[in-house]
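[1] Provide a 3D model corresponding to the input given below.
(chains A, B, C and D, ligands or ions: 4)
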Amino acid sequence: AGVLTIGRREDSTTFDPIKTAQNIDNWVFSNVYDVLVRVDKTGTKLEPGLAESWTTSDDGLTYTFKIRDARFSDGTPLTAEDAVFSLLRIRDDEGSLWSDSYKVIDTAVATDPRTLTIKLKNPSAPFLSTLALPNASVISKAGMESLGADAYAERPIASGAFIVEEWRRGDRIILKKNPNFWQADRVKLDGVEWISVPDDNTRMLNVEAGELDAAIFVPFSRVEELKKDPNLNVLTDPSTREDHLLINHAHGDLGKREVRQALDMAIDKRAIVDAVTFGQGTIANSYIPRGALYHYADNLQRPYDPEKAKQMLADAGVSNLTLTYLLRAGDEVDEQTAVLIQQQLAKAGITANLQKVDPSQEWDMTVNGDYDISVNYWTNDILDPDQKTTFVLGHDSNNNYMTNYKSDAVKGLVAKARQELDPAKRAQMYFDLQKMAKQDVNWIDLYYSPYINVARKNVENFYQNPLGRFFLEDTVKNQ
Amino acid sequence: MSASVLSVRDLTVKAHLDSGVRVLLDAVSLDLAKGEILGLVGESGSGKSLFCRSLVRLLPSSRLTIETGIVLLEGRDLTAVTDAEMLSVRGREIGMIFQNPTSHLDPVMRIGDQIAEGIRYHQDLNARDARAAAVEILAQVGFPDPVRHFDSYPHEFSGGMRQRAMIGVALSCNPKILIADEPTTALDVTIQAQILNLLMDLRDKRGLSIILITHDLGIVAQTCDRIAVMRNGRLLEEGPKRAILSHPKDPYTINLIHSHPSMPEIGVSAGSETVRSTGALKPLLEVDDLHVRFPSVGRLFKGAAGKAVSAVSGVSLIIMPGETVGIVGESGSGKSTLARAVLGLTPISSGHVSFDGIDLAQQRRAGLAKLRRETAMVFQDPFNALNPRLTIGQTLAEVLTVQATVAKLDIPARIGELLDLVGLDREFAHRKPRSMSGGQCQRAGIARALAVNPKMIVADECVAALDVTIQAQIIGLFRDLAAKMDLTLIFIAHDLATVRRLCTRTVVMYRGEVVEEGPSEEVFSRPKHAYTAALIAAIPDIDPDKPRLKGVEPKPGEPIQTIKRMP
Amino acid sequence: MSVDTLSSGSAGWRTIFSKHLMLVTGAGILLFFVLLATSAPVLAPYDPILQNGDARLQAPSLLHPFGTDNFGRDVLSRVIWGTRIDLQIALIGVAFPFLIGTAVGTIAGFFGGIVDALFMRLVDIILAFPFLVLMLSIIAILGPGLGSFYIAMALVGWVSYARLIRAQMLVLKNSDYAVAAVSLGFSRMRIMFRHLLPNAIAGSIVFAMSDAVLVLLSGAAVSYLGLGVQPPLAEWGVMVAEGQSFITTAWWITLFPGLSIVCLAFGFSMLGDALGERLGVGE
Amino acid sequence: MHRYRFVLTRPLQFLPVIFGISVITFILVRLIPGDPARNLLGSRATPTAIANIRAQYGLDQPMWLQYLYFLKNLADGEMGKSILYKIDVLRLIVTRIEPTVALVASSVILSILIAMPMAAIAARNAGKAPDHAVRIVSTFGIGFPPFWLGLMLIILFSVELGLLPVSGYGATIGDKLAHLILPSLTVALSLSTVLTRSLRAAMIESLKSDVATAARARGMPEHIVFWRHVVPNSLVPTVNLLAVNIGWLIGGSVVVESVFAIPGMGQLLVRAIFSRDYMVVQGVAMVFACATVLVNFVADIVTVAIDPRVRL
Ligand SMILES: Nc1ncnc2c1ncn2[C@@H]1O[C@H](COP(=O)(O)OP(=O)(O)OP(=O)(O)O)[C@@H](O)[C@H]1O
Ligand SMILES: Nc1ncnc2c1ncn2[C@@H]1O[C@H](COP(=O)(O)OP(=O)(O)OP(=O)(O)O)[C@@H](O)[C@H]1O
Ligand SMILES: [Mg+2]
Ligand SMILES: [Mg+2]
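    Ligands and ions are numbered 1, 2, ... in the order given. Sure, this is the predicted structure:
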């Protein structure tokens, strides 16, 4: 019982799931909408959502879903027709930011109100995982058509645990329990309020003062202190966040693998974990985060050895290496990391000139390749490693995630792994990919860090799965 | 004479400054009888205002203190009463009117409210009765439409009306004694006469006792019963006005009386000098049908915007080389505008000005260049006419450098000469205006004008702000210069007596037009125009037995006049 | 030396001091910071950007009088080195607006007419233009850092000076001594810059002092939005902004740079007040 | 009411200002490097998706054409659509206006409430201890960075004492007022010092003025002299100073809004700039500009009302 108030940095931008790519929106979608296939709490398995069960044809091209007996928040029944509408919309609507990910769908038809049949253009191992994206949430066809997209984006008709009761823009989203949710018995809370409190300190103080029940994005620096407060629980839930140092392979000496390896050795990840994450993070050894599907725990880790790094640079014929370190303004953690790395590189005789620019421009500059090195991070939003691997190693349109890394062997393997349907074989392929990437130093893995949230002691079962989803269905607020 | 309402004994005021203690009032003793007007005269800084302010214990700064002495008001010693008691003395017993009504009236409060304020406070009346009483007072001090004027703000009045309002405010508390601190210095002679008449009326009707501060002996002669003369904080002499005026004892008083403009001077009379102009000479300055109009500002509500104010309309003048011409007229009659237009400092709207044969409209560049080289102007306000950041030497040197008529090396010598010429010590070259007195600054200003080696000098009310004694010196200086250097002088003043003494020819202006022009003697002795006659008649004569003409009452709806602010 | 002269001498000194108290305090504080800035390499006990993983977040002690920050950098040394940057910010952040504003105000006020009308419209626009949009845009265009900050300050800040000077010029150009200068055939340049400007500028000088405080605070606000100077440079605003996360655990990280801003601001204000009284501004 | 005639004519002068601002903002935001489409799509951006969005919002058109569209929209009373929020900019702004207005208004009122008595005490005791105290307090008060001050106030009043809400805006009027106390105090602590200094100087001047002397000379006790003559005559310069500062506050409210999580326009603006949501930046800039112009307009009216000599 009770209404759970949660503080976060920013307010949502829309409730139209296909028109946003921001976590800030997606995380609330998961409270409001339901998807055909869900990712479980551990973030490693798919489980039934609106699709009660599904079957795959042997060629991996046809998926048949049995739709559950569920209803939308306005009481109308949810049918396979709605699912078709939603999938075709995300694929075809001109406002959709996600159409590329769903182009693989050839046809989607409702063979009967309870049966959805999807035909793919080619086999795709990660396809099911994509259906778990909050952006592919099932929307009410009738609702969308009667309200119009704009009004729907304000107060959607959905089938999740909660209903959007009121949206005070810039301030908060007020959710109320959805009595028509097919798992309504599971939901303990009367409602949820997502409240935007942009200043990190203020957000924490709100929880300390008891004005908020919980707050997300706890800065690393505050963890120890909050832990000392007897009224609070600091929750560190495993995430798929992985921070790395991008290297622009197209820039001069950075094209040499030995130079990149030297860079890797010149960076003391332990020190970063200690100083920047205040010990909350763990050293990263692969681009696939620990705990995520196909993570390779035994992957190579280069020891911190500035002397050796110096030697390697000399061997590679590189002296006085001077790099432009592109830095995103306004991010405390990034700035701290930059300051540390700058000093570490200096020990190996490498000069890093920090260039701080605002986030949007930083993004532009990395995409355009106007940088030498730059820290960035990735969090998975689907369970399958294919999405990230394709972006990072698959030589897609992004120049391998802005690094200009080129390796045909890796590229081939990425494509193969996508179509391999045997989990065991796939696992091996991804292990190999992780080894190859590490060998080539496509980028430098820095650290994994958990989601850190804080809640008051009377809040139970408030947790975030590794893909960022909050399972508020199970959350309890005791008086 | 009846018993005195106010008697002051040995009043001493000292200033405790960082530089030491200065005695500002030195044991001044005075009596004021009931229904009497006492004239307090003396040069600037002699302590007249201070004396009056100490009577009501309103000293201008906390560093000034009344050291000894008593002020007896009907038996009470005002130096000893409490502050609270003093509140009921101020206003109710002793009212004050000040020299500058513009700065003493609250600009953001209606005139009527300022009068009613005192009434309500001192007489405990409610708002409505206070208003009625205030309207009554407005009528008494001569407002033609008191009900309407109650709601006017001070800035909507002419200077004369503001001074009337100021008197109204002082009367509002029905005082027994009125102190008038130079109530007319800022006003035209004609308005001055009205105000003085008003004061005398009030004395007669209400039996007020009045202390009238002034530096104009003429006013005293015409209005007061007794005279007290102050200098350097000391009372020099005191007595019935006729006694003082006819038999002054103190040398200062004698000097004061003799330098009064209305005293006919023995020997020197401008009129006796022959006018040197002959038909053969070319005129130096020709003004033909000159018009100067200003776009009217800030009067949007009266007619359409953009309607112009005609400051000078249709003036024609011819000035011969070596002439000394006086221009007189009341404030706002266009004297300064004419002078500035003639010197090319104000654009002219139509008409012609030619200087030494060059028409300014046709050959603007050449004409201006010639004007700048051969003419100079002396300004009314001695302090504002000099750049406060430059020493007198720098000021003069700059002129000499820019004009480039003197070799660089000779500049210091020339500066010395100029200072000698205007009678300033050579060490003044190193002084800045702020450390100099008004008269000294005025001399520096004249030196600057002379530095140009001008053929013609235009002096715009250059003595109005000065003491009579200093005034006389400066006029003497001009006279000498004109004689020695063959200068052409245009001398602007609203003080007719000064012009009469200095100028060979007089031009009278009224509302932008020349109404009369001719040899000074003739203009003054046989004025042809009624306005000239009124102007001349309004000068208070130092002879108490020469009656003054009553001032002209302001007509309702007359345009508001510009008020001259004295520094 | 007799006791008498000694005491009178010190009394004289004391009166001079109390009379000029504000001037002395203001100038003294500024002088102190200038000295701090110039001798930073000598005075600062540590390298301001040197990190020490073993000495992180240490409370003030003899070793580190102002404590250390989250990288183990010595806060005292950073505050001392920060003096250089912040004085520079106050100085340059005021100098450009001052110069531009003075020039524009002088010209607009002196010439009047169309020049002035155009200028007034421009002033209207800049005054109404949201400062933040301009500041953030310029920083976004040119990249964060002092250069962009100065440019943004100059683009906006000149308006105040120009308005002050213009208002003065409008009055002064009609003053008798200006008219006298014209009648003496002085050139416009000479009249504008030798005669009028020196008399018009006092108000701006006083305003510049309080403006310096505003500039410092704008700098701090920009740091709060994360667009301050490039790390690891020590600058007080950035130090306060970054130290916010530790405000309840390591108060010393924010307190000392914060106090430094306040003190410097105090010095500027004092000096401004004293100059204002001295130069007779507002009379 | 001739004195107020400018009320009718002045608004015409706003047009060129507003027009100038629209041009400048338009150009300025587009000069900023960075791409709204790419920003919106985040790390999963693909070229086709980017091109798609650019076309949708007309970003692929030439600049002058975009500007004409912008003007046309303005004439229709619209401001285009937000790229980030996908709704009409005007609607978006309307949802965010009230908190900013409330914040600015309450800050200004609080500042006046603080400044008035402080200045009065200082001026009436000029040169004495209370005056020095006020001067020192107000000289110090200027130097505090507002974000630091705000946080300190929260820690003191909300966390330690539990008297006031930490942050946010509230729904009912009483709730809103409670939420506004700390943020407006933060602003007022620095704004009031500026006002105090200006008022104090004007009052001291005015206390020495002839007007005050004249009032004393007619026996008015000091409190009447002060409140009826000195205060009204001291207000004009402060009103104008206040107007300039309100202009700054309106445009600079972001720091306080952000510290206190007030869902106002400042926050909207910053997020819009950072995500290159051009239409929103333009819209907010226009609204800020209009507000500033309006505030100055009101200040002019107040000035005329206080001082009958002033003509505009
Ligand atoms: N606040 C002050 N501090 C020190 N000295 C002062 C102060 N006010 C006036 N004085 C001095 O007191 C003396 C008398 O001044 P007061 O104003 O009474 O002269 P006055 O005779 O009225 O002159 P005026 O004709 O110019 O009005 C002058 O020497 C003046 O310098
Ligand atoms: N710059 C100006 N703009 C508008 N009107 C002006 C200007 N200068 C003067 N006037 C007006 O022109 C008229 C004549 O002014 P002028 O200064 O020439 O008078 P004056 O005879 O010199 O008066 P005073 O004796 O007061 O010096 C007055 O009504 C005045 O208000
Ligand atoms: Mg006097
Ligand atoms: Mg004149």
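[2] can you list the weak-confidence ranges in chain B?
    B:1-2, B:186, B:259-280, B:296-307, B:465, B:546-567 (pLDDT under 70).
[3] Using the record's assignment, carve it into domains.
    Annotated domains of chain B cover B:101-171, B:270-348+B:363-526 [automatic domain parsing].
[4] wait, does the first one make contact with ligand 2?
    No. For domain B:101-171, no contact with ligand 2 is found by CB under 6 Å from any ligand atom; the gap never falls below 9.8 Å. In short, each C-beta sits where N, CA and C put it, glycine included.
[5] so who does D:V310 touch?
    D:V236, D:T303, D:V304 (CB atoms under 8 Å, 6 or more residues apart in numbering or on different chains).
[6] Just the closest of the residues you listed to chain C, please.
    When the contacts of D:V310 are compared for distance to chain C (CB to the nearest CB), D:V236 wins out at 12.7 Å.
[7] who wins for proximity to ligand 1 among the domains of chain B?
    Closest to ligand 1 of these is domain B:270-348+B:363-526 (CB to the nearest ligand atom; 8.2 Å).
[8] Do any residues in the closest one lie close to ligand 2?
    Yes. Judged by CB under 6 Å from any ligand atom, domain B:270-348+B:363-526 and ligand 2 are in contact via B:294, B:297, B:309, B:311, B:329, B:331-337, B:494.
[9] Just the closest of those to chain D, please.
    B:V297 (8.3 Å).
[10] can you pull the contacts of B:I119?
    B:L125, B:A130, B:A133, B:A134, B:S172, B:C173.
[11] How many neighbouring residues does the last one have?
    It stands for B:C173. 24 (other CB atoms under 10 Å in any protein chain shown).
[12] Also the third one?
    For B:A133, the number of neighbouring residues by other CB under 10 Å comes to 19.
[13] how much space is there between it and B:P175?
    14 Å (CB to CB, to the nearest Å).
[14] Please report how far the residue of chain D found nearest chain C lies from C:V262.
    Of all residues in chain D, D:G143 sits closest to chain C, at 3.1 Å by CB to the nearest CB. As for D:G143, its distance to C:V262 is 4 Å (criterion: CB to CB).
[15] and those two? which has more neighbours close in?
    D:G143 (24 against 21).
[16] now the more buried one, what's its secondary structure?
    Secondary structure, DSSP: H, G, I helix; E, B strand; the rest coil: D:G143 is coil.
[17] again, but for A:D59
    Per three-state DSSP, the local secondary structure of A:D59 is coil.
[18] so the closest residue to it other than its chain neighbours, which of the three states?
    Using CB to CB, 6 or more residues apart in numbering or on different chains and skipping residues adjacent in sequence, the residue nearest A:D59 is A:P123, 6.8 Å away. Put simply, A:P123 is coil when judged by three-state DSSP.
[19] so where does B:V8 fall, helix or strand?
    In this structure, B:V8 is located in strand B:4-17 according to DSSP states H and E.
[20] neighbouring strands for that strand, and are they parallel or not?
    strand B:20-33 (antiparallel), strand B:64-73 (antiparallel) (DSSP bridges).
[21] just so I know, which of these lies nearest B:L317?
    Closest to B:L317 of those is strand B:20-33 (CB to CB; 48.0 Å).
[22] Flag every buried residue along the closest one.
    Neighbour-count burial for strand B:20-33, counted by 16 or more other CB atoms under 10 Å in any protein chain shown, picks out B:L24, B:L25, B:D26, B:V28, B:L30, B:D31, B:L32, B:A33.
[23] give me the low-pLDDT residue ranges for the chain?
    In the absence of a named chain, chain A is used. For chain A (pLDDT under 70), the answer is none.
[24] think we crossed wires, I meant chain D
    D:1-2, D:312.
[25] One more pass at 50, please.
    Applying pLDDT under 50 to chain D flags residues D:1.
[26] so how many other residues sit close to residue 263?
    In the absence of a named chain, this looks at chain A. A:L263 has 27 neighbours, counted by other CB under 10 Å.
[27] Oops, wrong one, chain C.
    Neighbourhood size, C:C263 [other CB under 10 Å]: 15.
[28] What confidence value was assigned to it?
    In this prediction, C:C263 carries a pLDDT score of 90.
[29] ok, it - contacts?
    Counting by CB under 8 Å, 6+ apart, C:C263 has contacts C:I29, C:F33, D:G143.
[30] mind running it again at 10 Å?
    C:I29, C:F32, C:F33, D:F140, D:G143 (CB atoms under 10 Å, 6 or more residues apart in numbering or on different chains).
[31] buried stuff in the helix or strand harbouring B:Q194?
    Element membership of B:Q194, judged by DSSP H and E, is helix B:189-206. By 16+ other CB under 10 Å, the buried positions in helix B:189-206 come out as B:189-200, B:202-203.
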